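[1] Sharing a sequence plus its predicted fold:
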Amino acid sequence: MITSVTSLRRFLLPLLTLALFLLPTHLHAAEGEMPEQMTILQTILHGGPLIIMIWIAILATSIIMVTFIIQLFLLLRVDKLAPQPLLASIRSTLDAGNYQEAWEICRANKAYVANVLAGALERIGRGKDAVEGALIEIGQREASILKTQNSYLSVIGVIAPMIGLLGTVIGMMGAFAVLGQSGVSDPRKLALSIGEVLMATASGLFIAIPAFIFYYYFRNRAAIVISTADGKLNQLVEDIPFEELGGVRIGESFSVGASAPNLGAAQSRKVSMALTTNCPVCNGEITPGQNPCPHCGATLDWA
């Protein structure tokens, strides 16, 4: 994602700079001093160093806004927060009773559901209430991380008009300086200074308006996709036999506990296809060649 943002900025910066050269204005200068028609870039350069710095800030703000909008469009999707292949893999592993393997699958992925479920599985030995509490707690933390990126659009919506207002104040100072030096004898110079003021103000609003529109759009979109992903998480854990898993430790300190069934992650069990159709670990009925055991999740070594 960082690489894509860098590439986007490298693409937008020369594009917007080119636009400044090509877009004409209709501000007319005094005869013999300024060209009949000036580009936006020429108008900005005429404003002096402070106006140039203001416009650099406006340009940078617009690039950042576009970058965040594209990022959020790509990020706030159900198939991004809860990819269907990942859900199917976790579902099959949990149905087989391989909770440690499910945790490892979650840790290997960075999706929203994987981050939340990994933390919940680490509390599986404490019972259903602990797991549901973990889903809520970790889910809120992960959701806040997603929503933080959207809050930057609100910040841009507030800052952009302030940058434009600063340009307005500086431009008005120049306009009154021209008025004080030449009075109304040279109205074209005064019109040019006022034009710089209006351009800075309009540019700040031009950035702020879409920034606020997309802020509220993505805020509602985030609530919808996060709620959908949470629903899929609840479906994953609703069939876990918590009463049979007391004392189980899932995660870095993996342990099946004293009273929990063997989860099949520690060793293989030799089973003969010709002599048995029961799991040697839990004695549950199994089909010859089936692996792992659908009842306890033990890894079986069929001979």
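    All right, it came through fine.
[2] Tell me where the protein has helices.
    Taking DSSP state H, the helices of the chain run over residues 2-22, 40-46, 49-75, 78-81, 84-95, 99-107, 112-121, 128-182, 187-237.
[3] What residues of the fifth one count as buried?
    The reference is to helix 84-95. 86, 87, 89, 90, 93, 94 (16 or more other Cβ atoms under 10 Å). (C-beta placed from N, C-alpha, C; glycine too.)
[4] domain ranges for this structure?
    Structural domains annotated on the chain: 2-78+148-214, 262-303, as defined by automatic domain parsing.
[5] mean confidence for the first one?
    Mean per-residue pLDDT for domain 2-78+148-214: 71.
[6] and what of the last one?
    Per-region confidence: domain 262-303 scores 62 on mean pLDDT.
[7] Ok, stretch 222-232 next?
    93.
[8] Give the buried residues for it.
    Residues of stretch 222-232 classed as buried: 222, 225, 226, 229, 230, 232 (neighbour count, 16+ other Cβ under 10 Å).
[9] From residue 146, how far out is the first one?
    Taking Cβ to Cβ, to the nearest Å as the measure, residue 222 falls 6 Å from residue 146.
[10] shared neighbours of these two, anything?
    Contact criterion Cβ atoms under 8 Å, 6 or more residues apart in numbering; residues shared by residue 222 and residue 146: residue 76.
[11] tell me the contacts of residue 134?
    Per Cβ under 8 Å, 6+ apart, neighbours of residue 134: 119, 120, 122, 123.
[12] shouldn't the last one be in contact with residue 131?
    Same thing as residue 123. Yes. Using Cβ atoms under 8 Å, residue 123 is in contact with residue 131, at 5.5 Å.
[13] returning to that earlier point: tell me which of the contacts of residue 134 is nearest to residue 52?
    Within the contacts of residue 134, distances to residue 52 taken as Cβ to Cβ reach their minimum at residue 119, with 50.0 Å.
[14] Need the nearest residue in space to the closest one, chain neighbours excluded.
    residue 138 (4.2 Å; Cβ to Cβ, 6 or more residues apart in numbering).
[15] still on that earlier bit, would you reformat the buried residues of stretch 222-232 as a markdown table and include distance to residue 103?
    As requested, the buried residues of stretch 222-232 are exported to a markdown table (distance: Cβ to Cβ, whole Å):
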| residue | distance to residue 103 |
| --- | --- |
| 222 | 26 |
| 225 | 24 |
| 226 | 22 |
| 229 | 18 |
| 230 | 19 |
| 232 | 17 |
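[16] quick one: which two of those are the most distant?
    Maximum distance among those (Cβ to Cβ): 15.9 Å, for 222 and 232.
[17] ok so, going back, and residue 290, which of the helices of the chain is closest to it?
    helix 84-95 (13.0 Å).
[18] Hey, what's the angle from the closest one to helix 187-237? Just curious.
    Interaxial angle of helix 84-95 relative to helix 187-237 (axes from the mean of the first three to the mean of the last three Cα atoms, to 10 degrees): 30 degrees.
[19] i'd like the first residue to be 204 from this point on
    In the new count, where the first residue is 204, that last one comes out as helix 287-298.
[20] which one of the buried residues of stretch 425-435 sits closest to residue 353?
    Using Cβ to Cβ, residue 425 comes nearest to residue 353 of those, at 6.3 Å.
[21] For that closest one, which residues are in contact?
    With contact taken as Cβ under 8 Å, 6+ apart, residue 425 is in contact with 279, 346, 349, 350, 353.
[22] List only those of these flagged as buried.
    Looking at the contacts of residue 425 with 16+ other Cβ under 10 Å, the buried ones turn out to be 279, 346, 349, 353.
[23] Between these, which sits nearest residue 262?
    Out of those, the member with the shortest distance to residue 262 (by Cβ to Cβ) is residue 353, at 22.4 Å.
[24] Hmm, residue 364 and residue 411 touching each other?
    Yes. Look at residue 411 against residue 364 with Cβ under 8 Å: they come within range, at 4.9 Å.
[25] Tell me which of the helices of the chain sits nearest to residue 454.
    Short answer: helix 302-310, nearest of the helices of the chain by Cβ to Cβ, at 5.9 Å.
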